[in-house]
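>>> Kindly generate the corresponding structure for this input.
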Amino acid sequence: MSNTASATTNTIDNNDDNNNDNTSTSPAHYLMWFRRDLRLHDNTALAALCERAHDNDASVSAVFFLTPEQWQTHDMSLVQLDHIARTLPILANDLHKQLNITLHVQICESFSDCADSLNALCAVNNISGVMANHEYEGNEIERDEQVNKLLAKNDIEFIRWHDQCILPPKSITTNDDSMYQVFTPFYKKWRHTLEVSNIQMHKALAIDSDIDSNIDSNKATLEISKQAVNTVDAIEALSQKVVEDYQQSLADNTQLSHIDSEAQLTNARDAYPAGEVAACHRLDQFVADDIHNYDVSRDVPSLHATSQLSAYLTIGVISPRLCYLQAAKAQEQLHGNDGDNEDINRWISELAWRDFYRHVLADKPKLIQHQAYKHETDIKINWSYNEDDFDAWCTGRTGVPLVDAAMRCLNATGFMHNRLRMVTAMFLTKDLLIDWRWGERYFMQQLIDGDFASNNGGWQWSASTGTDSAPYFRIMNPFSQAKTHDPDGEFIKEWLPELKDMPASTLHSEDKIRKAINTDDMFGKVDYPAPMVEHKAVRQLAIAEFKK
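Numbers count the residues shown, from 1 in each chain. Here you go, the predicted model:
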């Protein structure tokens, strides 16, 4: 294993040969528990488990739990659930053909049900060891602690590996062994650590073909799980049924009645083909075509020049270490010719931000409880809870073209460009002074790449309540942002066709667009609202509020 991988072993210290009465006469049997790591290549836990299986002539099975009720509680978006559902049959097929491992997929409404079901699976099938990769959110940690206690009663090992980050939490600390509160020094140490480390890919070895790795999931989970399947076709059918049920449950939410879920699913499926091969192909294309212009192009939403890998990273279809190593390789190929390439460095820094927010979450687990990193700032702000204002923001009817175009893009596709996430978040939290938690939740409900650490970190950065936040007086002007990053209004007009005849100079000026909207004969009757607030005035109000 690589020196950047580490395991947490919650186990009693005994050998596989005496874990239970049956292991003396039959091969050991191990279980891989997939979570947000839906891939074969460079999967730390999977590689470690296959290596142990080879050493002990053991068989290996795998399991994934669909938890729609729990996911809805966590505000998982429909498009992200659909992405997982589309990935599972591909993963099952790859596991069977490449590693001779059968994937079992089960529905368990809650994480507590997962713990009980996993324990039952192990008991019925004489499983002596379970491996998984760490998750860092609170409910997930509690679930794993529950699993550990249940398995320990039956002398079953439960080993977890750090896999979500390029460098695991608590590996990058200050001189006094505390977590960095500012990104830049964190990044410098993170980068230096990687430059002197020997990062390796973790290769999973195929399991011997003559060992039967099938497990009896239905017998073990009849009363716990609604259904359990283990063939590719059955996994595809079950996963799609879960998506359909989830879609229907969201349709009953009147607050989301403006979302066309069918259109959103169609757009997301077209934009993000499922599976590890598709993700790796996208990485290769990005490194070949776009990474060398990333520093400038990444801020132009109409160019689609970002890596578009976040949706794959979020559910673990591609390894973050692979992303870093590919970028480092591209940098090495340029070194000596053009020197250090700032475009590549910029993208590597985005991978570091992803690590940073996970490290922050591991250090401050109460963030999962809707608490601000800077609690003393958060509690002093007289946050607004105006539902009409919030609804205007959600539906893209604020009268601010760039904000509205970004929100309509999110609602239609399940994705928003990173620059626009900052612009829309600052508009909600500074121009409207609406509690950042409302926006954080709405993004999670829509984003295909929504994950708590990055989403929470980004929202608190914009709201000036988080670690290394934007200073409260640095408030983005959405009109000047549009002029800089969408100079021709191409992105705005794509998502706001009612404004297609307006010149960019009007779209980028609050005064001009307000006048144009209120003057029917200028561009004809336009079904678009005037700006709901005057940015200059509300900026001063926000600054005064944060100064308190």
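>>> Assumed residue 159 was part of a strand.
Yes: with DSSP: H, G, I helix; E, B strand; the rest coil as the criterion, residue 159 is part of a strand.
>>> Could you pull out the helices in the stretch 251-400 of the chain for me?
Secondary structure of the stretch 251-400 of the chain (DSSP state H, counting those that start in this stretch): helices located at 261-271, 276-289, 294-297, 310-314, 320-334, 342-363, 375-378, 387-395.
>>> Looking at these, which is nearest to residue 140?
helix 342-363 (10.9 Å; C-beta to C-beta). Where C-beta positions appear, they are placed from N, C-alpha and C, glycine not excepted.
>>> winner for burial among the helices of the stretch 251-400 of the chain?
Sort the helices of the stretch 251-400 of the chain by mean neighbour count, taking mean count of other C-beta atoms under 10 Å, and helix 310-314 sits at the top with a mean of 23.
>>> Against residue 439, how distant is the nearest residue to residue 413 once chain neighbours are set aside?
Among residues not flanking residue 413 along the chain, residue 267 sits closest, at 4.3 Å (C-beta to C-beta, 6 or more residues apart in numbering). Using C-beta to C-beta, to the nearest Å, we find residue 267 at a distance of 22 Å from residue 439.
>>> Adjacent strands (with direction) for the longest strand seen in the chain?
Ranked by residue count under DSSP state E, the longest strand found in the chain is strand 59-66. Partner strands and pairing direction for strand 59-66 (DSSP bridges) are strand 29-34 (parallel), strand 102-107 (parallel).
>>> pLDDT below threshold where in this protein?
Across the chain, the ranges flagged by pLDDT under 70 are 1-25, 209-226, 335-339, 520-524.
>>> mind running it again at 50?
Across the chain, the ranges flagged by pLDDT under 50 are 2-3, 11-24, 221-224, 337.
>>> Spit out the contact partners of the residue lying closest to residue 342 once chain neighbours are set aside.
Nearest residue to residue 342, sequence neighbours excluded (C-beta to C-beta, 6+ apart): residue 295, at 5.3 Å. The contact partners of residue 295, by C-beta atoms under 8 Å, 6 or more residues apart in numbering, come to 342-343, 346.
>>> could you redo the last one with a cut-off of 10 Å?
341-347, 349 (C-beta atoms under 10 Å, 6 or more residues apart in numbering).
>>> of all those residues, which comes closest to residue 485?
residue 346 (15.3 Å).
>>> follow-up on the earlier one: which of the contacts of residue 295 sit farthest apart?
So, these by C-beta to C-beta: farthest apart are 341 and 349, at 12.4 Å.
>>> from the contacts of residue 295, which is closest to residue 414?
Nearest to residue 414 among the contacts of residue 295: residue 347, at 22.4 Å, using C-beta to C-beta.
>>> you'd agree the closest one is up against residue 354?
No: using C-beta atoms under 10 Å, residue 347 makes no contact with residue 354, being 11.2 Å away.
>>> Give the residues shared as contacts by those two.
Shared contacts of residue 347 and residue 354, defined by C-beta under 10 Å, 6+ apart, are found at residue 323.
>>> picking that back up, turn the strands paired with strand 59-66 into CSV, columns for distance to residue 480.
What follows is those, written out as CSV (distance: least, C-beta to C-beta, whole Å):
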stretch, distance to residue 480
strand 29-34, 45
strand 102-107, 49
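>>> Make a markdown table out of those strands and add distance to residue 378 and mean neighbour count.
Shown next, in a markdown table, are the strands paired with strand 59-66 (distance: least, C-beta to C-beta, whole Å; neighbours: other C-beta atoms under 10 Å):
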| stretch | distance to residue 378 | mean neighbour count |
| --- | --- | --- |
| strand 29-34 | 36 | 25 |
| strand 102-107 | 38 | 24 |
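>>> Which of those strands sits closest to residue 192?
Going by C-beta to C-beta, the one of those nearest residue 192 is strand 29-34, 32.9 Å.
>>> quick check: angle from that closest one to strand 157-161?
Per axes from the mean of the first three to the mean of the last three C-alpha atoms, to 10 degrees, the angle that strand 29-34 makes with strand 157-161 is 40 degrees.
>>> So which elements touch the helix or strand that comes right after strand 29-34?
Proceeding N to C from strand 29-34, the next assigned helix or strand is helix 44-56, under DSSP states H and E. On a contact count with 3 or more C-beta pairs under 10 Å, 6 or more residues apart in numbering; DSSP states H and E, helix 44-56 meets strand 7-10, strand 29-34, strand 59-66, strand 129-133, strand 157-161.
>>> what's the angle from helix 44-56 to strand 29-34?
If you take the same axes, to 10 degrees, helix 44-56 sits at 170 degrees to strand 29-34.
>>> How far off centre is helix 44-56?
Computed by C-alpha atoms, centre = their mean, to the nearest Å, the chain-centroid distance of helix 44-56 equals 27 Å.
>>> Just the buried positions in that helix, please.
Within helix 44-56, the residues that qualify as buried are 44-50, 52-53, 56, counting by 16 or more other C-beta atoms under 10 Å.
>>> got it, and stretch 469-478?
Judged by neighbour count (16+ other C-beta under 10 Å), stretch 469-478 contains these buried residues: 469-470, 472, 475-478.
>>> what's the answer for stretch 489-508, then?
489, 491-493, 495-496, 499, 502, 504, 506-508.
>>> ok, of those residues, which one's closest to residue 66?
Using C-beta to C-beta, these come closest to residue 66 at residue 495, 32.9 Å.
>>> Pretty sure the closest one sits against residue 417.
No: look at residue 495 against residue 417 with C-beta under 10 Å: they stay out of range, at 11.2 Å.
>>> Common neighbours of the two, please.
By C-beta under 10 Å, 6+ apart, residue 495 and residue 417 have these common neighbours: 301, 406, 409-410.
>>> ok, now which ones touch the spatially closest residue to residue 36 that is not a sequence neighbour?
In space, and not counting its chain neighbours, residue 36 is closest to residue 316: 4.5 Å by C-beta to C-beta, 6+ apart. The contact partners of residue 316, taken as C-beta under 10 Å, 6+ apart, are 34-39, 43, 84, 87, 133, 163-164, 276, 279.
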